[in-house]
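> Let me see the structure of the following:
(2 chains)
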2 protein chains.
Amino acid sequence: MNVNRRVVVVERPRYIVPTANCFRLEQAPVPQVGEGQLRLRTLWLSLDVMLYARVKRVSADAEPVNLGDVMVGPTVGRVEESRHPDYKAGELLSGFWGWQGYGISEGRRLRKLDFGLKQPSHALSAYGTSAFGAYVALTELAPPLAGETVVVGTAIGGLGQIAGQIAKIKGCRVVGIAGGTEKCRIAVERLGYDACVDHRARDFVEQLRAACGKGVDVFVDTIGGRALDAVVPLLNKDARIAACGLMATPHFGEAAYSGKYQSSMSLLNEIINRRLQVRGLVVFDHLRHCLEPFHREMTAWIDSGRIKLIEDIVVGLEQAPDAFQGLFEGRNRGKLLVKIAD
Amino acid sequence: MNVNRRVVVVERPRYIVPTANCFRLEQAPVPQVGEGQLRLRTLWLSLDVMLYARVKRVSADAEPVNLGDVMVGPTVGRVEESRHPDYKAGELLSGFWGWQGYGISEGRRLRKLDFGLKQPSHALSAYGTSAFGAYVALTELAPPLAGETVVVGTAIGGLGQIAGQIAKIKGCRVVGIAGGTEKCRIAVERLGYDACVDHRARDFVEQLRAACGKGVDVFVDTIGGRALDAVVPLLNKDARIAACGLMATPHFGEAAYSGKYQSSMSLLNEIINRRLQVRGLVVFDHLRHCLEPFHREMTAWIDSGRIKLIEDIVVGLEQAPDAFQGLFEGRNRGKLLVKIAD
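Numbers count the residues shown, from 1 in each chain, chains lettered A, B, ... in the order given. Sure, this is the predicted structure:
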């Protein structure tokens, strides 16, 4: 029991997707608590697409983890021992101490989960970065009006599932895009999407057009690539795109010049002709003014049952690398979490 | 003298650029004035890139001219005979009656030029669509702050020359992009650009980087293509792009998929990482709320000598097709106008 199992980064991705061999499971002593520190027992990890930037540099905003260091990521845990005046043993906290059984903290970047969470995992699914991103997308970047048609990429993913349900709450017709018929069924039956289209289907473009009879007013784009190319011709005048991610090319820069997708000239032309507004999502930019209303509204939506959560739970720290790889291969069915301990 | 010379569209562009063979000079009787009509003697034509859409369909907003019909375009002329209650012979008007010596009008889409123009041609250069577009770009779509760096494509063109000077008035460092060293010299010496870079130079990208030492905050993009690809890496966080045209591909849709330029994925990635705001210019959308302040400010700027006009004047209706072709080949040196009569 006196062992801290931890996953360290040992290699940068070679094949676009961060394959499991980028990581190694190690054992180390359970860390001791120094003055002004606290030790956390990790209960949950959140696996998010945006963590790609922590394995390989793809943005100026996130520093990659050094080779040999513990992989970072959103966490939930319980204080085991505290020598910090603000925290006491037994408290439930969320933070970013990463893929390990125990974390040591100086008390920064921690949040007390004392606001009546239904389940600790909700800190990462309902109140996590993905859910916050969905909220920012539909309130700040690309707000829809009631009656408008909203298309959501990765319909049941961590961000998509929240975006789809917020759009329904706002009175929109909501059409999802997902990989595979099973995910599409989940989107419609469990999350209330009006329709969901499988982007792997041969007639994807035609299906999407049929599902968006009045055109598309807002696109919450988490995919780019084929999804973007299919949605753009359906966009109505004054449509808004919230660019929340580019699952189609997590390797950004490399494929960007490949000519596989429409050129930037084509997108610019549509921005002009269709009067599009395209805004990118960087969640950190919106914390100050959006976090409080997000938290308040999300709590009300969950309490009233208007937002449901679909969590895809993997058990055991040793599963994290493969599950993370699966996230980029579309294997997850909902917000991907790793359960580390009870 | 009783002949109405006119240029009709006889063919759609075959070679991207609208070559002169798309047009034919014809003669017809001078049109008679019916009840409620007026006849205008054309003095000036404005040749604008946006007229491309009138020769070949490239946007949903502009209907191409039918083959055999007179080519349309902005015009200035004098009322020769009027049977319309609102107009009388001798008045100077601007309108859109196109490439012909005489126009007949029912009185719609005409504007009285009774506000103290220094020269009739100014109705098309200083107060025309291009100048209005420049104003909209820098006040509505991508407003710069004093001290910021603004890059302007087609630096001495109809839109660019006004955009560059407005940006200077707003206290910005202004860097132009133009095709050839002569245009660059004109931009700096006559229009006050802080620097102007020749996009045909082999070291264009390096020159542009050197000219934008503090990065780029606003890009008035009339070119797309290489210019866009060169500017994007220089954009600062929260930079704004006013997409005013795509001279690099007037044929839009055809080259859009060629993979010659960066993909839309790359642009989207930059929109996210650099928090870019990209807005397209469609001048008609801004007439209602911007035309009055534009007119007022432009008049003040011209009266005070803060905005200078560089007009490239071609003489004779028969020159219009070749001059129009030259516009897409970068042959013009300033706002391109055709003088039809004194």
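
> show me where pLDDT drops low in chain A?
Residue ranges of chain A with pLDDT under 70: A:1, A:247-263.

> Which residue would you name as the spatial centre of it?
With the centre of chain A defined as its mean C-alpha position, the nearest residue by Cα atoms, centre = their mean is residue A:130, 3.6 Å away.

> To what extent is residue A:304 buried, counted in neighbours?
9 (other Cβ atoms under 10 Å in any protein chain shown). All C-beta atoms are positioned from the backbone trio N, CA, C, and that covers glycine.

> I'd like to check which residues are in contact with the residue nearest to the centre of chain A.
A:46, A:48, A:157-159, A:162, A:335 (Cβ atoms under 8 Å, 6 or more residues apart in numbering or on different chains).

> what are the bridge partners for the nearest residue to residue A:164 once chain neighbours are set aside, then?
Nearest non-adjacent residue to residue A:164, counting by Cβ to Cβ, 6 or more residues apart in numbering or on different chains: residue A:152, 4.6 Å away. Beta-bridge partners of residue A:152, counted by DSSP bridges, are residue A:176, residue A:220.

> any idea how far residue A:152 lies from chain B?
In this view, residue A:152 and chain B are 16 Å apart by Cβ to the nearest Cβ, to the nearest Å.

> ok, that residue touching residue A:167?
Yes: counting by Cβ atoms under 8 Å, residue A:167 is a contact partner of residue A:152 at 6.9 Å.

> Give me the common contacts of these two.
Joint contacts of residue A:152 and residue A:167 (Cβ under 8 Å, 6+ apart) are A:174, A:220.

> More neighbours: which of the two?
Using other Cβ under 10 Å as the criterion, residue A:152 and residue A:167 rank with residue A:152 on top: 36 against 28.

> The residue nearest to the centre of chain A looks like it's in a strand, true?
No: using DSSP: H, G, I helix; E, B strand; the rest coil, the secondary structure at residue A:130 is helix, not a strand.

> Residue in the stretch 1-150 of chain A with the shortest distance to chain B?
The stretch 1-150 of chain A approaches chain B most closely through residue A:59 (5.0 Å), counting by Cβ to the nearest Cβ.

> does that residue sit in a helix or strand, and which one?
For residue A:59, there is no helix or strand it lies in under DSSP states H and E.

> for residue A:6, helix, strand, or coil?
Applying three-state DSSP: residue A:6 is strand.

> what sits against it?
Residue A:6 makes contact with A:25-28, A:70, A:98-101, A:317 under the criterion Cβ under 8 Å, 6+ apart.

> any idea how far it lies from residue A:228?
Separation of residue A:6 from residue A:228 (Cβ to Cβ, to the nearest Å): 38 Å.

> that older thread, quick check: strands, which of the contacts of residue A:130 are part of them?
Counted as lying in strands by DSSP state E, out of those, are A:46, A:335.

> Of the contacts of residue A:130, just say which sits nearest to residue B:301.
Nearest to residue B:301, judged by Cβ to Cβ, of the contacts of residue A:130 is residue A:159 at 47.0 Å.

> can you tell me how far the closest one sits from chain B?
In terms of Cβ to the nearest Cβ, residue A:159 sits 13 Å off from chain B.

> What values do phi and psi take at that residue?
phi -80, psi -40 (degrees, to the nearest 10).

> any idea how far residue A:191 lies from residue A:223?
17 Å.

> Oops, could you answer that again for residue A:151 instead?
In terms of Cβ to Cβ, residue A:151 sits 10 Å off from residue A:223.

> what do these two both touch?
Joint contacts of residue A:151 and residue A:223 (Cβ under 8 Å, 6+ apart) are residue A:177.

> got a list of what residue A:99 touches?
Here residue A:99 is in contact with A:6-7, A:23, A:45, A:70-73, A:317, A:320 (Cβ under 8 Å, 6+ apart).

> So which of these sit within helices?
residue A:320 (DSSP state H).

> For the contacts of residue A:99, work out which two are farthest apart.
Farthest pair in the contacts of residue A:99, by Cβ to Cβ: A:72 and A:317, 14.1 Å.

> So the nearest residue to residue A:172 once chain neighbours are set aside versus residue A:192, what's the distance?
Of all residues not flanking residue A:172 in the chain, residue A:150 sits nearest, at 4.5 Å (Cβ to Cβ, 6+ apart). Applying Cβ to Cβ, the value for residue A:150 to residue A:192 is 12 Å.

> Over to residue A:99?
33 Å.

> neighbours around residue A:328, how many?
Residues near residue A:328, counting by other Cβ under 10 Å: 18.

> That should have said residue A:222, apologies.
For residue A:222, using other Cβ under 10 Å, the count is 29.

> Check chain A for its longest helix and report it.
Longest helix in chain A, counting by DSSP H: helix A:287-303.

> Could you identify the helix or strand that succeeds that helix?
Past helix A:287-303, the next helix or strand by DSSP H and E is strand A:311-315.

> tell me what that next one is packed against?
With contacts taken as 3 or more Cβ pairs under 8 Å, 6 or more residues apart in numbering or on different chains; DSSP states H and E, strand A:311-315 sits against strand A:335-339.

> now the strand it packs on against strand A:311-315, angle please.
30 degrees (axes from the mean of the first three to the mean of the last three Cα atoms, to 10 degrees).

> Mind listing residues that contact strand A:335-339?
With Cβ under 8 Å, 6+ apart, strand A:335-339 has contacts from A:43-48, A:121, A:124-125, A:128, A:130, A:157-158, A:161, A:309-317, A:319-320, A:323, A:326-327.

> Which strand or helix spans the closest residue to residue A:62 other than its chain neighbours?
In this structure, residue A:62 finds its nearest non-sequential neighbour in residue A:53, 3.9 Å apart by Cβ to Cβ, 6+ apart. Here residue A:53, judged by DSSP H and E, is contained in helix A:52-55.
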